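> okay, structure incoming, though there's no sequence with it:
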């Protein structure tokens, strides 16, 4: 297995495809993925895909039970590149912001913050009320990166899959991981560097 590890959390927010593609990207990039799949994520998966939980778990290198707060990823001494939660529900985001964690998903996120590693939250909610926004500010002040998946229309996506891949790839950029499906301004689309 690779020496590079990424903790991949999947919460119950809409957008299970984001978590699936993060796992696929890790495999393609030879990054060891440590999956934490929440109970609510299983419900969303059933609504949005034809996959079962076991099929999602098979995409990960290591699977941790959401209730196993003694797992390796719950300790700062276990080295990782950081953690991404894709998608991230408001409940998960809010629990991380309080520091009072009730599952391995939020405990691993708390550990990521305390170790000053990148914590990327692909928050899926709209519209946002003031409480959501204040929670995001608090998380940003704590060192988390709030990265809601947004369509990059400059990349001229022709499918939902391309839109998902662009958002996932840009999130992985935040860990220094460059994934091939990402279309980059000045390289793949838009004005080329050096023109003018």
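Received it, and whenever you're ready, just let me know what you need. Values in this document were obtained by computation on a predicted structure and should not be read as measured data.
> could you pull out the strands for the chain?
Ranges of strands within the chain are 5-10, 32-37, 62-64, 83-88, 119-123, 145-146, based on DSSP state E.
> can I get the ones you listed in TSV with mean pLDDT and distance to residue 50?
Just so you know, the C-beta spots here come from the backbone N, C-alpha and C atoms, and that holds for glycine as well. Listed next are those as TSV, based on pLDDT from 0 to 100; distance: least, CB to CB, whole Å:
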stretch	mean pLDDT	distance to residue 50
strand 5-10	98	17
strand 32-37	98	17
strand 62-64	98	20
strand 83-88	98	18
strand 119-123	98	22
strand 145-146	98	30
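> go through the ones you listed and name the closest to residue 165.
The closest of the strands of the chain to residue 165 is strand 83-88. By CB to CB, the value is 12.2 Å.
> so what does the closest one touch, helix or strand wise?
Packing partners of strand 83-88 (3 or more CB pairs under 8 Å, 6 or more residues apart in numbering; DSSP states H and E): strand 5-10, helix 16-28, helix 104-114, strand 119-123, helix 160-173.
> direction included, what does that strand pair up with?
Sheet pairing of strand 83-88 (DSSP bridges) gives strand 5-10 (parallel), strand 119-123 (parallel).
> which of these sits most buried?
Mean neighbour count (mean count of other CB atoms under 10 Å) peaks for strand 5-10 among these, with a mean of 29.
> need the contact list for residue 76.
For residue 76, the contact set (CB atoms under 8 Å, 6 or more residues apart in numbering) comprises 111, 114, 115.
> how close does the second one sit to residue 86?
What that stands for is residue 114. From residue 114 across to residue 86, the span is 21 Å (CB to CB, to the nearest Å).
> just the first one next, same as before
Using CB to CB, we find residue 111 at a distance of 18 Å from residue 86.
> neighbour count winner among these two?
Legend: neighbour count by other CB atoms under 10 Å for residue 111 and residue 86, higher for residue 86 (30 against 22).
> wait, the more buried one touches residue 7, no?
No. In this structure, residue 86 is not within contact of residue 7 by CB atoms under 8 Å, at 11.1 Å.
> can you redo the strands of the chain as TSV with distance to residue 154?
Below are these laid out as TSV (distance: least, CB to CB, whole Å):
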stretch	distance to residue 154
strand 5-10	27
strand 32-37	29
strand 62-64	36
strand 83-88	22
strand 119-123	20
strand 145-146	21
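> out of those, which gets nearest to residue 173?
Minimum separation from residue 173 across the strands of the chain (CB to CB) falls at strand 119-123, 9.7 Å.
> so what's the gap between that closest one and the chain middle?
With CA atoms, centre = their mean, to the nearest Å as the basis, strand 119-123 stands 5 Å off its chain's centre.
> tell me what angle it forms with helix 104-114.
130 degrees (axes from the mean of the first three to the mean of the last three CA atoms, to 10 degrees).
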